[in-house]
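Visitor: following is a predicted model, sequence given first.
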Amino acid sequence: MSHPLLEVRGLSIRFGGLVAVAEVDLTLNHSEVVCIIGPNGAGKSTLFNLISGIYRPTHGSMKLEGKDITGWPAHRIAAAGIARTFQSSRLFNDLTLLDNVLIGMHTRTRSGVFDALLRPATARAELEAAAVRAGELLHAVSPQLHARRHTLAGALPQADRRRLEIVRALASEPRVIMLDEPSSGMDDRDTDGLMADVRRVMAERPGLSFLIIEHDMRLVAALPDRVAVIDYGRKIADGDFSQVRLMPRVQEAYLGQKAAHHA
Ligand SMILES: Nc1ncnc2c1ncn2[C@@H]1O[C@H](COP(=O)(O)OP(=O)(O)OP(=O)(O)O)[C@@H](O)[C@H]1O
C-alpha cells in the first residue's frame, strides 16, 4: 500500500497556557498543492514550524512517506525532503543569486570542511558540478533570474526574491516544499507569475508537493487542489475551496477577524 507523502496526526504544541496548534490532522498526497488558510494568529506558521522541526510537538505524530519523523531536528527533516521558505526573506543579500542556490544544495553535496582540506581536488570538482546544477535550476525556474545569476541577491525586487527562495528550496531536491505567504507584497501580476512558477515546477517534478500558507484569496481560489482552514490552532475545514469557503464555521472565523479589525 502506498503511503501519503506527508501525514500529520493529532499535532499539538503548547506555549505555557496557550495551545497554539491543537490536534491537527493533515494529509498531503504526492503531486498535490494544499493551501493553509486562517485568520491572523490562528497557528499557521506554528504548524509550519512543527512540520519543519523548528518546534517539537507536545503531542501528535508526523510521517513522511510512512516513515515516522516526529521530533526530528530541523536539519534532519530538511535532509529527509521537506524544504521551506519563511514569511521574511532568509536570502543572503551579499551573495550572488547563484551562491544563494548553491547554499540550498548543502544537504545534497557530500564534501564537507574536511574534504576541502584533505581532498581539495574532489571537493572542488563537486563544487563545480553543484554550480552547474544551480545554474540549470535557476534557468529552469526563470531565465530572467539566470541572466542575473552573478548579481547580488540584495539587488532583487521583492517578487524575484520570493522566486529565488523557491529555487533555493528546490536545490535541496525536496519532496515537499512549504511556502509561508509567498505572495505577500506582490501585486496581481507577480502573484500570477508565482502561480505559473509553482505549476511549472510541479509539472517538471512528478511527485513533488507544495504546502502553502496564503492570505491572498485569488491565489487560494486558483492554485491548490485542497484548502485546510486553521482557527485558534484547530483545523476547522479541509477540502475544495469552493465548498470550504461556504462553510458557516469558516465564514465565522473570517468575520470574527474583520470584527476585531473594526473594533
Ligand atoms: N514561540 C512562541 N511562544 C509563544 N507563543 C507563540 C510562539 N509562536 C507563536 N505563538 C503564538 O501562537 C499563536 C499562533 O501564531 P502563528 O504565528 O502560528 O499564527 P499565524 O496563523 O501564522 O498568524 P499570521 O497569519 O498572522 O502569520 C499566536 O497567538 C502567537 O502569539
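Guide: Noted; the coordinates are in hand. Residues are numbered from 1 along each chain as shown.

Visitor: for Asn49, which three-state class applies?
Guide: For Asn49, the assignment made with DSSP: H, G, I helix; E, B strand; the rest coil gives helix.

Visitor: what's the neighbour count on whatever residue of the stretch 51-200 of the chain ends up closest to the ligand?
Guide: Closest contact between the stretch 51-200 of the chain and the ligand, by Cβ to the nearest ligand atom, is at Gln87 (6.4 Å). Any C-beta I mention is one placed from the backbone N, CA and C, and that applies to glycine too. Using other Cβ atoms under 10 Å, Gln87 has 14 neighbouring residues.

Visitor: so what's the backbone phi/psi at it?
Guide: Backbone torsions for Gln87, taken as degrees, to the nearest 10, come to phi -60, psi -40.

Visitor: shouldn't it be in contact with Asn49?
Guide: No: Gln87 is beyond contact range of Asn49, at 11.1 Å (criterion: Cβ atoms under 8 Å).

Visitor: roughly how far apart are Ala159 and Gly185?
Guide: 8 Å (Cβ to Cβ, to the nearest Å).

Visitor: between those two, which is the more surrounded one?
Guide: With neighbours defined as other Cβ under 10 Å, Ala159 and Gly185 compare such that Ala159 has more, 18 against 13.

Visitor: show me what the residue positioned nearest the centre of the chain is bridged to.
Guide: With distances taken as Cα atoms, centre = their mean, Met178 lies nearest the centre of the chain, 1.6 Å away. Legend: beta-bridge partners of Met178 under DSSP bridges are Arg84, Leu211.

Visitor: what sits closest to the residue of the stretch 51-200 of the chain closest to the ligand if chain neighbours are left out?
Guide: Asp180 (4.7 Å; Cβ to Cβ, 6 or more residues apart in numbering).

Visitor: list the contacts of that neighbour.
Guide: Lys44, Ser45, Phe48, Arg84, Thr85, Phe86, Gln87, Ile213 (Cβ atoms under 8 Å, 6 or more residues apart in numbering).

Visitor: what's the closest of those to Ala196?
Guide: For these, the minimum distance to Ala196 (Cβ to Cβ) is 17.3 Å, reached by Thr85.

Visitor: which phi and psi does the closest one have?
Guide: phi -120, psi 170.

Visitor: distance of it relative to Leu208?
Guide: Counting by Cβ to Cβ - Thr85 and Leu208 are separated by 15 Å.

Visitor: where does pLDDT dip in the stretch 151-263 of the chain?
Guide: For the stretch 151-263 of the chain, the stretches with pLDDT under 70 are 256-263.

Visitor: all helices of it, in order?
Guide: Counting by DSSP state H, counting those that start in this stretch, the stretch 151-263 of the chain has helices at residues 158-170, 188-204, 217-222, 241-244, 248-262.

Visitor: which of these sits most buried?
Guide: Among these, helix 158-170 has the highest mean neighbour count (mean count of other Cβ atoms under 10 Å), at a mean of 21.

Visitor: on that earlier part again, which of the contacts of Asp180 scores worst on pLDDT?
Guide: pLDDT across those is lowest for Gln87, at 78.

Visitor: any idea how far that one lies from Leu179?
Guide: Gln87 is 10 Å from Leu179, by Cβ to Cβ.

Visitor: so what's the backbone phi/psi at Thr27?
Guide: Dihedral angles (degrees, to the nearest 10) for Thr27: phi -120, psi 140.

Visitor: correction: Gly81
Guide: phi 120, psi 20.

Visitor: and the closest residue to it other than its chain neighbours, how many neighbours?
Guide: Excluding the flanking residues, the one nearest Gly81 by Cβ to Cβ, 6+ apart is Arg175, at 3.8 Å. Neighbours of Arg175 under the rule other Cβ under 10 Å: 18.

Visitor: ranges for the strands of this structure?
Guide: 6-15, 18-28, 33-37, 59-64, 67-68, 82-84, 176-180, 209-213, 226-231, 234-239 (DSSP state E).

Visitor: those strands: which one's closest to Val132?
Guide: strand 82-84 (20.6 Å).
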